[in-house]
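**Q** here is the input, now give the coordinates:
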Amino acid sequence: MGAEIGATTSLFPFNRRMVDYLNATKRSEIAQYAQRFSHNLKADEGCEYDQNIEINLSELEPHFNGPFTPDLATPLSKEIVYTFAEEVKKNNWPQELKVTLIGSCTNSSYEDMSRSASIAHEATEHGLSVKSKFAITPGSEQVRATIERDGQIGAFEEVGGLVLANACGPCIGQWDRKDVKKGEVNSIITSYNRNFTGRNDANPATHAFIASPDIVTAMAFAGDLTFNPVSDTLIDRASVLVVVDPKSDRLQLLHPFTAWNGETHSDVKVNSI
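**A** As a prediction, this is how the structure comes out:
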C-alpha cells in the first residue's frame, strides 16, 4: 500500500464507473457531489512525475507477500531466484498452514467473494473440505447480506469455512485465537492489507503471508504453504471398488434399472397376492 513506500496520498482518478457504483450502492447524492468536483479528482493536465511504473496485469502472476511485511513479494511459480515453495523450505518457514483468512475492507467486494465462493463450490463437487481453518470476513453489512442472499456464504460453510462478523476482525488484531499458544511458530495466509509482526493475532511467532482471495481460498484446501494452486493438484474423494464373488449365495451387486422411456402407462392392473 502507499503508506508502506512513503506515500502521503494515493489517488484513483474519478470516472463514470465510480458514479455507477455509488448509484448502485444507494449513495447517489455522493455521486452527484463528486461529479461537481470531478475536475479536482484527477491528475492535472500535463503534469509530470518523478517516476512512472506501468504494470501489465495480464502478465502479472499471483504473488505471496511476507512474512512480517507486505513488501516482501515472491511470485508463486515464476522462477526469478527461487519459487515461493523453494523460499518456504530455504527460509524454514512453517510449511503447515494453520489458518487461512479472506475479507476485511481490502478484499471483500462482491466480486472477490464470488470468485472465492466459486472455488469453494468446485471443491464441494469434488468432495473436498478445507484442511486449514478458513475464516471469511465480509467488509460491510451490504456485502454480507448480498453474499448470504446469493449463496456464497453457504458455499463457504459447506466446505468448513466460518463466516465472521462484518468488521475489521483479525485484520487489526480483533482475533481471540485459540488454536496456537502465544510464541508458537506457525503460518497463516490472509487477503488482508497488512501482515506486520503480531498484527493479526498478537503472536510475534506467527508467519503471516498475504495473497489474493482466490489464492488464499485455494490454499485452504491444501493446508500446505508449498502448494501451488496454479500447477499442483489435490486428490478428491477416493473411488471405492466393491468386489463381490459372483458365486456368492448371500451378496449380490445391484444393477441400475433401465432408463424410463418417457411413456406413461395407463389402465395398469394390480394383482393381489
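**Q** quick one: S129 and N107, what's the gap?
**A** Per CB to CB, to the nearest Å, S129 is found 23 Å from N107. (C-beta placed from N, C-alpha, C; glycine too.)
**Q** which residue ranges form the strands in the stretch 1-150 of the chain?
**A** 63-65, 73-75, 97-103, 133-137 (DSSP state E, counting those that start in this stretch).
**Q** just give me the neighbour total for V268.
**A** By other CB atoms under 10 Å, 5 other residues sit near V268.
**Q** from the middle of its chain, how far away would the lowest-mean-pLDDT helix or strand in the chain be?
**A** Each helix and strand of the chain was given a mean pLDDT (mean pLDDT, DSSP states H and E); the minimum falls on strand 73-75 at a mean of 90. For strand 73-75, the separation from the chain centroid amounts to 18 Å (computed by CA atoms, centre = their mean, to the nearest Å).
**Q** what are the contacting residues of that strand?
**A** Applying CB atoms under 8 Å, 6 or more residues apart in numbering, the set of residues contacting strand 73-75 from outside is E61, P62, H63, F64, N65, Y82, T83, F84, E87.
**Q** rerun that using 10 Å as the cut-off
**A** Among residues not part of strand 73-75, those counted as contacts by CB atoms under 10 Å, 6 or more residues apart in numbering are 60-66, 80-88, 209-210.
**Q** dump the residue contacts of the spatially most central residue of the chain.
**A** For the chain, the residue whose C-alpha lies nearest the mean C-alpha position (CA atoms, centre = their mean) is P213; its distance is 3.0 Å. By CB under 10 Å, 6+ apart, the contact set of P213 is 101-103, 106-109, 111-117, 119, 136, 190-191.
**Q** do the same with V159
**A** V159 makes contacts with 117, 119-124, 128-130, 134, 217, 220-221, as judged by CB under 10 Å, 6+ apart.
**Q** N166: which of these is nearest?
**A** Set against N166, the nearest of the contacts of V159 by CB to CB is A117 (15.8 Å).
**Q** what number of residues lie near the nearest residue to the closest one once chain neighbours are set aside?
**A** Distance criterion CB to CB, 6 or more residues apart in numbering; nearest residue to A117, sequence neighbours excluded, is Q152 at 3.7 Å. Around Q152 there are 25 other residues, counting by other CB under 10 Å.
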